[in-house]
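Below are the sequence and a predicted model; questions follow.
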Amino acid sequence: MLVKVASSAVPKYASIGIIGGGIGGLTVANALMHRENLVDRVSVYEQADQFIPTAGAGFGLSPNGQICLSSIGIDGYHQLYHPFDRMARINAEGTQIKEESNIFRQLREKHGFGIAGCLRADIVALLVQRLEEYSTVQEQPILQYSQKLTRIQPQHDKIELEFESGHQDVVDLVIGADGIHSKVAKSLNIDDNPSIYSGANIFYGKIPQPDRLEYFQNNPIFCDHSVVNGPGTGEFIAFNVGAGGKKTFIWASTYSASSPPDPKQHHQSGQDDEEWNNQSNAQELENSILSRYPQGHPIHDFAKMTVDDDLLHFGLFHRRHKNTWSDSNTGRAVLLGDSCHATLPYAGQGANQAIEDAIVLADCLDRNKDHISAYQEYYDQRFPRTKRIVQFASIMHRLYHSEYWFMHKALDILLKSMLRGGAIFSQLEKEIINECPIKDYRQYAPADNFK
């Protein structure tokens, strides 16, 4: 149970409204509430009808994401994740390991934090639970569902919010954590530009409780605590996420395409995050990628083990890195996560960078005398880092989907360097450990992670 000591000091801000209840929005709400006397009331507005614990897929929670969550007192993720030890690169047929290394275990033993597979819904539930505890302190709900933003209007020293439900609010500041198609950015013309289709789509399959299946028992390639990567129609990748009874095997394959799949065929109404709820079917999978993989490739087995409700299919989008993250009118609205630096998935940093944004933004608001100075410092800190990661993901996308053989050769050299602990691994270590905004990270590391 969360306990906050009452204070007679007047909070710096009376109210902050957060648009979007994904990982970024929920993390910044927690970060704001974690700081003493920063804000009196925090409201998170989420357009989905409710939190759906089965929605979404898995992702890699890297050290920077873990450290940032721990810095605001959220460390329950240790009980939710599946730690990675090994990375293996397989051949095009998917039958042999070309190169493998325990680089992820080495990372964890050196720094106390490694990369781990998490169910997106588990992390969201963890963040929601903490906000519900904070709500008892605030004496009113922080997270409000079924609230689709329809109007946002700056008014002198406040911002008016209106929602489709008829609900209205007036707040000091607004944080737009509402994704790549940000309503906040569009409404306030914050360097507004359309999202960019990458020319690739992804199939994403989930196999719950894989240990019950004979295929995964003593499998020499797809074994526990491993990330398996290989060539295919783009990138092929497979790994486990979650813990205990929620353990889930994730497999995915990207492929080049002229257009994204039609969302009208798959989108489940009422759910905010379109890409993670865009369900597909086996026929589309066969037509788009299975026919292009060798018959002996394990993706065929994975497809048979994946029920239709656990097969996701969506286009991969990114956007030009915004040069402005706050509105030019009153400067009271600011963007966070995909709304200002949407990236492709090849760096595994989308959710982790949104978590970093949240911690840095809350810290800047706490440290600076006013929101203008805070937003500027936030931008100055986050812009170069997120731009570098977005650019790296774009390079990886081009390597995976190039039609030229020498590009694929360059990809092999790059991945071998990482597996052998070379310069690429050193750069990875720098990005997810040394460049993390929380510098004294070892105080948060579980003692048994070190060797």
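Cool, the structure landed.

CA only for contacts and neighbour counts going forward, please
OK.

in a helix, that's where residue 387 is, yeah?
Yes - according to DSSP: H, G, I helix; E, B strand; the rest coil, residue 387 belongs to a helix.

hang on, it packs against residue 342?
No - in this structure residue 387 lies outside contact range of residue 342 using CA atoms under 8 Å: 9.7 Å.

where along the protein do the helices fall?
23-34, 63-71, 103-111, 120-138, 183-188, 282-288, 299-305, 338-341, 350-367, 371-401, 405-419, 423-429 (DSSP state H).

still on that earlier bit, can you pick out the residue with more neighbours from residue 387 and residue 342?
When residue 387 and residue 342 are compared for neighbours, residue 342 comes out ahead with 26 against 17, by other CA atoms under 10 Å.

if I pick the more buried one, what's in contact with it?
179, 180, 317, 318, 319, 321, 350, 390 (CA atoms under 8 Å, 6 or more residues apart in numbering).

Around the third one, count how many other residues there are.
When you say that, I think you mean residue 317. For residue 317, the count of nearby residues is 19 (other CA under 10 Å).

for the last one, same thing?
One way to gauge burial is a neighbour count; for residue 390, by other CA under 10 Å, it gives 24.

one step back: looking at the contacts of residue 342, which are in strands?
Under the assignment DSSP state E, those contribute 317, 318 to strands.

Can you select the buried ones from the contacts of residue 342 in PyMOL?
Under the burial definition 16 or more other CA atoms under 10 Å, those of those that qualify are selected in PyMOL by:
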select buried, resi 179+180+317+318+319+321+350+390
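
Please identify the one among the contacts of residue 342 that lies nearest to residue 226.
Using CA to CA, residue 350 comes nearest to residue 226 of the contacts of residue 342, at 20.6 Å.

So what's the residue count around the spatially closest residue to the closest one that is not a sequence neighbour?
Sequence neighbours aside, residue 343 is the residue nearest to residue 350 in space, at 6.3 Å (criterion: CA to CA, 6 or more residues apart in numbering). Residue 343: 29 surrounding residues under other CA under 10 Å.

separation between residue 252 and residue 229?
Look at residue 252 and residue 229: by CA to CA, to the nearest Å, they are 10 Å apart.

Between these two, which contacts overlap?
235, 236, 237, 238.

I'd like the distance between the first one and residue 324.
What that stands for is residue 235. For residue 235, the distance to residue 324 - CA to CA - is 32 Å.

Contact partners for residue 144?
Taking CA under 8 Å, 6+ apart as the criterion, residue 144 is in contact with 43, 44, 45, 46.

what sits opposite it in the beta ladder?
With DSSP bridges as the criterion, residue 144 is bridged to residue 45.

Which one of the shared contacts of residue 252 and residue 229 is nearest to residue 400?
Among these, residue 235 lies closest to residue 400 (CA to CA), at 6.0 Å.

what sits against that closest one?
229, 252, 253, 254, 255, 400.

burial count for residue 187?
Residue 187, neighbours per other CA under 10 Å, totals 14.

Isn't it up against residue 149?
No - in this structure, residue 187 is not within contact of residue 149 by CA under 8 Å, at 10.0 Å.

separation between the closest residue to residue 354 other than its chain neighbours and residue 304?
Excluding the flanking residues, the one nearest residue 354 by CA to CA, 6+ apart is residue 337, at 4.3 Å. According to CA to CA, residue 337 and residue 304 sit 35 Å apart.

Check residue 40 too.
With distances taken as CA to CA, residue 40 is found 52 Å from residue 304.

So if I had to pick from those two, which one is more boxed in?
residue 40 (16 against 10).

circling back to that earlier point, so what does the residue nearest to residue 354 look like in phi/psi?
The phi/psi pair for residue 337 (degrees, to the nearest 10) reads phi 70, psi -140.

just to revisit the earlier point, okay, and the common contacts of residue 387 and residue 342?
Common neighbours of residue 387 and residue 342, counting by CA under 8 Å, 6+ apart, are residue 321.

before we move on, back to that, quick check: of the shared contacts of residue 252 and residue 229, which lies closest to residue 222?
Using CA to CA, those come closest to residue 222 at residue 238, 7.7 Å.

what sits against that closest one?
Here residue 238 is in contact with 222, 227, 228, 229, 249, 250, 251, 252 (CA under 8 Å, 6+ apart).

Any idea what it is bridged to?
Note on residue 238: beta-bridge partners by DSSP bridges are residue 228, residue 251.

buried sites along stretch 77-89?
Quick answer for stretch 77-89 (16+ other CA under 10 Å): 77, 80, 81, 82, 83, 84, 85, 86, 87, 88, 89.

Looking at those residues, which are in strands?
82, 83, 86, 87, 88, 89.

and the gap between the closest residue to residue 293 other than its chain neighbours and residue 89?
Excluding the flanking residues, the one nearest residue 293 by CA to CA, 6+ apart is residue 232, at 6.7 Å. The gap separating residue 232 from residue 89 is 12 Å, by CA to CA.

Show me which of the contacts of residue 235 is closest to residue 205.
Comparing those against residue 205 with CA to CA places residue 252 closest, at 6.1 Å.

thought that closest one was touching residue 201?
No - in this structure residue 252 lies outside contact range of residue 201 using CA under 8 Å: 10.5 Å.

low-scoring stretches of the stretch 201-350 of the chain, by residue?
263-280 (pLDDT under 70).

Residue nearest the middle of this structure, spatially speaking?
In the chain, the centroid-proximal residue (CA atoms, centre = their mean) is residue 351; its distance is 1.9 Å.

before we move on, back to that, closest to residue 212 out of the helices of the chain?
helix 299-305 (11.7 Å).

Show me what counts as buried in the closest one.
299, 302, 303, 305.

can you count the residues close to the nearest residue to the first one once chain neighbours are set aside?
With CA to CA, 6+ apart as the measure, residue 290 is the residue that lies nearest to residue 299, at 7.5 Å, once sequence neighbours are left out. The tally of other residues near residue 290 (other CA under 10 Å) stands at 20.

how far away is residue 290 from residue 253?
Residue 290 is 10 Å from residue 253, by CA to CA.

and what of residue 395?
Per CA to CA, residue 395 is found 17 Å from residue 253.

do residue 238 as well
Taken as CA to CA, the span from residue 238 to residue 253 is 9 Å.

do the same with residue 145
Residue 145 sits 33 Å away from residue 253, going by CA to CA.

Name the residue in the two with the higher neighbour count.
The neighbour comparison of residue 145 against residue 253 (other CA under 10 Å) goes to residue 253, with 23 against 16.

mind listing what residue 143 touches?
Counting by CA under 8 Å, 6+ apart, residue 143 touches 21, 43, 44, 45, 46, 128, 131, 132.

Go through those residues and name the one nearest residue 355.
Nearest to residue 355 among the contacts of residue 143: residue 21, at 12.7 Å, using CA to CA.
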